[in-house]
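**Q** pasting the sequence and the predicted coordinates here, then a few questions.
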Amino acid sequence: MTPLRAAPFLVAGLLMAAPASARDYGQQGTVWSVIEPDLLEQIHARLTHLEKTGETAKLGEELKRRTIARVNRPEPVAGIDSAAAARSWRFDPTISVERDIADDKGRVIVAAGTRVNPLDTVPLRVPLVFLDGDDPEQLAWATRRYASTRAKLILVRGAPLELMKARQRRFYFDQGGNLVKHFGIRAVPATVEQQGRVLIITEQPVRPKERASS
């Protein structure tokens, strides 16, 4: 990463630290015109020093390393256990429109209070399969059970890129746990499948006879 590209990250850190060395100009309303140039001079001097000492290159490499590591292995979704017992429930995605939705000419096409089911227009055509990518038993179960389907395998833990290369199929990752929170999933493996106008969500432990390696 070049010093120029690293500068925004360094500026953010310097701005946080700057008040410790800022001058006291009292409570006058015109202090901003004086402080801003002062801060810019401090930042410029600090950046110049970092460039001369090679620190910007080191910081850039560290940022690059951390970014690559996070892409290869995202932060695991917190609070998700391995399923110990089967649990299944219906999930109705219907929402109530909070305000009128109008077209470009101002004509109301969906009135406030209208109940809309997204599955009517965007059906879930393939199962969503949530699993722990670091659990060999869950991986074997999911890839064997859904070997001939277009199911989306979504990790809550693990290295999706590594698995894609090893198993020659696409893996996704539930970044931040947004999907499991939305569906109320607390354990994996878990599946989400459409049944009519609702979704059927099932958490299920891997049975002993399904634990053979894929």
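**A** Arrived safely, thanks for sending.
**Q** the most centrally placed residue in the chain and residue 162, how far apart?
**A** With the centre of the chain defined as its mean C-alpha position, the nearest residue by C-alpha atoms, centre = their mean is residue 175, 2.5 Å away. Applying C-beta to C-beta, to the nearest Å, one obtains 17 Å for the distance of residue 175 from residue 162. Just so you know, the C-beta spots here come from the backbone N, C-alpha and C atoms, and that holds for glycine as well.
**Q** now do the host helix or strand of residue 57: which elements does it pack against?
**A** Assigned by DSSP states H and E, residue 57 belongs to helix 55-72. Identification of packing neighbours for helix 55-72 by 3 or more C-beta pairs under 8 Å, 6 or more residues apart in numbering; DSSP states H and E yields helix 3-17, helix 31-53, helix 160-167.
**Q** mind telling me which of the ones you listed the model trusts least?
**A** Note on the helices and strands packed on helix 55-72: helix 3-17 shows the lowest mean pLDDT, a mean of 43.
**Q** stretch 176-189: which residues count as buried?
**A** 177, 179-180, 183, 185, 187-189 (16 or more other C-beta atoms under 10 Å).
**Q** which of the residues you listed sits closest to residue 142?
**A** Nearest to residue 142 out of the buried residues of stretch 176-189 is residue 189 (C-beta to C-beta; 6.2 Å).
**Q** so the closest one makes contact with residue 131?
**A** Yes: the pair residue 189 and residue 131 qualifies as a contact (C-beta atoms under 8 Å) at a distance of 4.6 Å.
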